[in-house]
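Novice: Kindly generate the corresponding structure for this input.
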Amino acid sequence: MPFGEFLDLALYDEAGGFYATGGGAGRGSDFLTSPEVGPLFGAVVARALDGWWAEAGEPDPFIVIEAGAGTGTLARSVLAAAPRCAPALRYVLVERSAALRQRQAGRGLDLDLPAFALGPVEVTVDDDEAEAHPVMASGPLVTSLAELPAQPFPGVVLANELLDNLAFTLLARVERGWSEVRVGEDDRGLVEIVVPAAPELVAAADRVAPDAPDGGRLPLQYEAQRWLRDALAAVPDGRVVVIDYGDTSASLAARPWTEWLRTYRAHGRGGHPLEDPGGQDVTCEVAFDQLATVRAPASQRSQRDFLVAHGIDALVAEARSTWEERAAIGDLAAMAARSRVNEGAALTDMTGLGAFTVVEWMA
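Specialist: Numbers count the residues shown, from 1 in each chain. Reported below is the predicted structural model:
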């Protein structure tokens, strides 16, 4: 089978996939993402939402879709920060894994809406025609879906560390061009099977990594591109924001493939991607240049620069002041302040999370 099909089953199969069997992000889980570091990341995202809401003319309702929302950690932090846009906010968690969706409601999120909706409506009658309008200032309202809504809407689509978990075609550079790495089985278990790549795959690889060295490998991230097309179609007058770790196609092909195709289990590195399918997370750095072929982004910067632009320094400075004032007391306020200072350092560390990339597309 294609490598991407294997990856999709290993991660998302409802019976034995990684996310269906309890895997995921969190301090007691397999890996840690920015929202799980603590509530500071969500507080800064809340500030960003306020800025985007103001730029859009403070629409009500203001729809924010978080794709790959997991158990809702980021949503809880955003709402706890009480953004100015909250009365207009309709926050939609999109999570493919049914197991993770079930855990959302049990972790402090009030899922008000049973399906994609704008909340309570009022009906007006004009020339004997009735028309329903969302009731203004009725937010924040939260709902959860398995996929992006089909109808377009004005607002924001946000994806934090989603695209690195999407399926891709895996190619290997050979002397006369490219081969495709597929997955088969023998008496030892799952094994790689290398076959000649289809002409369209060869052409795609040559476009993005023409100088790849012999033996180099390359992910063609067709699912990430498809997701971006769908997200852009969902918000034709809005904004799509992707936060992830990645590189360029040419650089990925030149690096050892085990550096950018990684597995995680219990906060440590796992084994070969074909080992124990469903028992470990499998993740691939995002080739951001491949996303740009869908549409050129409006901006691309580090997570550190994104967080600084949206006020993380002020929040950390406030926390540091509280810690200095109350450290001798050692109460909950002091502990929370110290934690926030530490979170700020972790989120902006350019040897870690701060080096992640934030890419924005706007109408």
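
Novice: Got the confidence number for the residue positioned nearest the centre of the chain?
Specialist: Centroid-nearest residue in the chain, with C-alpha atoms, centre = their mean: residue 160, separated by 2.5 Å. With respect to pLDDT, residue 160 scores 98.

Novice: Please apply the same query to the one 5 residues further on.
Specialist: According to the per-residue confidence, residue 165 scores 96 in pLDDT.

Novice: And for residue 150?
Specialist: Reading off the confidence values, residue 150 has pLDDT 84.

Novice: Next: the one 5 residues further on.
Specialist: Residue 155 is assigned a pLDDT of 95 by the prediction.

Novice: Let me know the distance separating it from residue 53.
Specialist: 9 Å (C-beta to C-beta, to the nearest Å). In this view, the C-beta of every residue, glycine as well, is placed from N, C-alpha and C.

Novice: residues shared between the contacts of those two?
Specialist: 59, 62 (C-beta atoms under 8 Å, 6 or more residues apart in numbering).

Novice: What are the phi and psi values at the residue nearest to residue 18 when sequence neighbours are not counted?
Specialist: Spatial nearest neighbour of residue 18, excluding adjacent residues (C-beta to C-beta, 6 or more residues apart in numbering): residue 11 at 4.9 Å. Reported as degrees, to the nearest 10, the phi and psi values for residue 11 are phi -90, psi -40.

Novice: list the contacts for residue 11?
Specialist: 17-19, 165, 281-282.

Novice: Quick one: residues in contact with stretch 289-307.
Specialist: Here stretch 289-307 has contacts from 34, 41, 44, 48, 163, 208, 220-221, 224-225, 228-229, 232, 242-243, 248-250, 288, 309, 347-350, 353-362, using C-beta under 8 Å, 6+ apart.

Novice: Surely residue 14 touches residue 96?
Specialist: No: in this structure, residue 14 is not within contact of residue 96 by C-beta atoms under 8 Å, at 9.8 Å.

Novice: ok, these two, which is more surrounded?
Specialist: Using other C-beta atoms under 10 Å as the criterion, residue 14 and residue 96 rank with residue 96 on top: 20 against 12.

Novice: got a list of what the more buried one touches?
Specialist: 12, 19, 68, 146-147.

Novice: and it, what helix or strand is that in?
Specialist: Assigned by DSSP states H and E, residue 96 falls within no helix or strand.

Novice: what's the spacing between it and residue 223?
Specialist: 11 Å.

Novice: Name the spans of the stretch 201-350 of the chain whose pLDDT lies under the cut-off.
Specialist: By pLDDT under 70, the low-scoring segments of the stretch 201-350 of the chain are 267.

Novice: Filter the contacts of stretch 289-307 down to the buried ones and express that as a ChimeraX selection.
Specialist: In ChimeraX, a selection of the buried entries from the contacts of stretch 289-307 looks like this (16 or more other C-beta atoms under 10 Å):
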select :34,41,44,48,163,208,220,221,224,225,228,232,242,243,248,249,250,288,309,347,348,353,354,356,357,358,359,360,361,362
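
Novice: Show me what the longest strand anywhere in the chain is packed up against.
Specialist: Scanning the chain for the longest strand, with DSSP state E as the assignment, gives strand 177-186. Packing partners of strand 177-186 (3 or more C-beta pairs under 8 Å, 6 or more residues apart in numbering; DSSP states H and E): helix 3-12, strand 169-174, strand 189-196, helix 199-208.

Novice: Would you format those as TSV with distance to residue 268 included?
Specialist: TSV is the format used below for the helices and strands packed on strand 177-186 (distance: least, C-beta to C-beta, whole Å):
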stretch	distance to residue 268
helix 3-12	18
strand 169-174	24
strand 189-196	21
helix 199-208	32
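
Novice: pLDDT averaged over stretch 57-65 - what is it?
Specialist: Computed over stretch 57-65, the mean pLDDT rounds to 95.

Novice: Next, the angle helix 3-12 makes with the longest strand of the chain.
Specialist: For strand 177-186 against helix 3-12, the angle between stretch directions is 50 degrees (axes from the mean of the first three to the mean of the last three C-alpha atoms, to 10 degrees).

Novice: Please point out which parts of strand 177-186 sit buried.
Specialist: Going by 16+ other C-beta under 10 Å, strand 177-186 has these buried residues: 178-183.

Novice: How about exporting it as CSV, limited to the C-alpha atoms?
Specialist: Taking C-alpha atoms only, strand 177-186 is exported to CSV below (Å, rounded to 0.1, in the frame of the first residue of the first chain):
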residue,chain,number,x,y,z
GLY,A,177,15.1,9.6,-11.1
TRP,A,178,12.7,8.8,-8.3
SER,A,179,11.2,5.7,-6.7
GLU,A,180,8.2,5.4,-4.5
VAL,A,181,8.5,3.9,-1.0
ARG,A,182,5.4,1.8,-0.2
VAL,A,183,4.5,-0.6,2.6
GLY,A,184,4.3,-4.4,2.3
GLU,A,185,4.5,-7.4,4.5
ASP,A,186,6.6,-10.5,4.7
